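In: sequence? don't have it. structure:
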């Protein structure tokens, strides 16, 4: 359960920080003040970060329900994130009309970014 709570807090933190960075960039361009409305707009616009975290969080829940260990849950969640990046990149490419080698390149980009996440985990642990 601690792993799930940590993952939910991390996803929420990334969402908040990403939205804040977007709002800050807009403020710097437009020389405007920080308002609750501007931050709320940025949070709404960047909610895809939370949707992207749903599959790995679901994997952690499934691991917890089935009694898997913490290490297994985290590893499974990370690999599900890799699979999601690959699949979402293929889906985005296909929806944009990419075919053949162009679609393969887009899938490889998603796969490489996912594998970079695994590489960072290996470097940090």
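Out: Yep, it's here. Because the structure is predicted, anything quoted here is derived from the model rather than measured.

In: after whichever helix in the chain runs longest, next one along is what?
Out: Secondary structure of the chain per DSSP state H: the longest helix is helix 2-30. Using DSSP states H and E, the helix or strand that follows helix 2-30 in sequence is helix 36-45.

In: Okay, buried residues for that next one please.
Out: By neighbour count on 16 or more other C-beta atoms under 10 Å, the buried set for helix 36-45 is 38-39, 42-43. Bear in mind the C-beta positions are built from the backbone N, C-alpha and C, glycine included.

In: just checking, what packs against that helix?
Out: Helix 36-45 is packed against helix 2-30, with contacts defined by 3 or more C-beta pairs under 8 Å, 6 or more residues apart in numbering; DSSP states H and E.

In: tell me the contacts of residue 50?
Out: By C-beta atoms under 8 Å, 6 or more residues apart in numbering, residue 50 lies in contact with 11-12, 15.

In: out of those residues, which are buried?
Out: For the contacts of residue 50, buried by 16+ other C-beta under 10 Å: 11, 15.

In: Take the contacts of residue 50 and write them to CSV, including pLDDT and distance to residue 30.
Out: Formatted as CSV, these follow (pLDDT from 0 to 100; distance: C-beta to C-beta, whole Å):
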residue, pLDDT, distance to residue 30
11, 93, 29
12, 94, 27
15, 95, 23
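
In: Distance to residue 57 for the contacts of residue 50 - can I get that in TSV?
Out: Shown next, in TSV, are the contacts of residue 50 (distance: C-beta to C-beta, whole Å):
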residue	distance to residue 57
11	7
12	11
15	12
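
In: wouldn't residue 111 be in contact with residue 86 here?
Out: Yes - applying C-beta atoms under 8 Å, one finds residue 111 in contact with residue 86, separated by 4.6 Å.

In: These two: which is more packed in?
Out: residue 86 (20 against 17; other C-beta atoms under 10 Å).

In: And the helix or strand hosting that one, what's buried?
Out: Element membership for residue 86 (DSSP H and E) is helix 70-95. The neighbour-count check on helix 70-95 (16+ other C-beta under 10 Å) flags 73-78, 80-86, 88-90, 93 as buried.

In: was I right about residue 117 contacting residue 80?
Out: No - between residue 117 and residue 80 there is no contact under C-beta under 8 Å: 11.1 Å.
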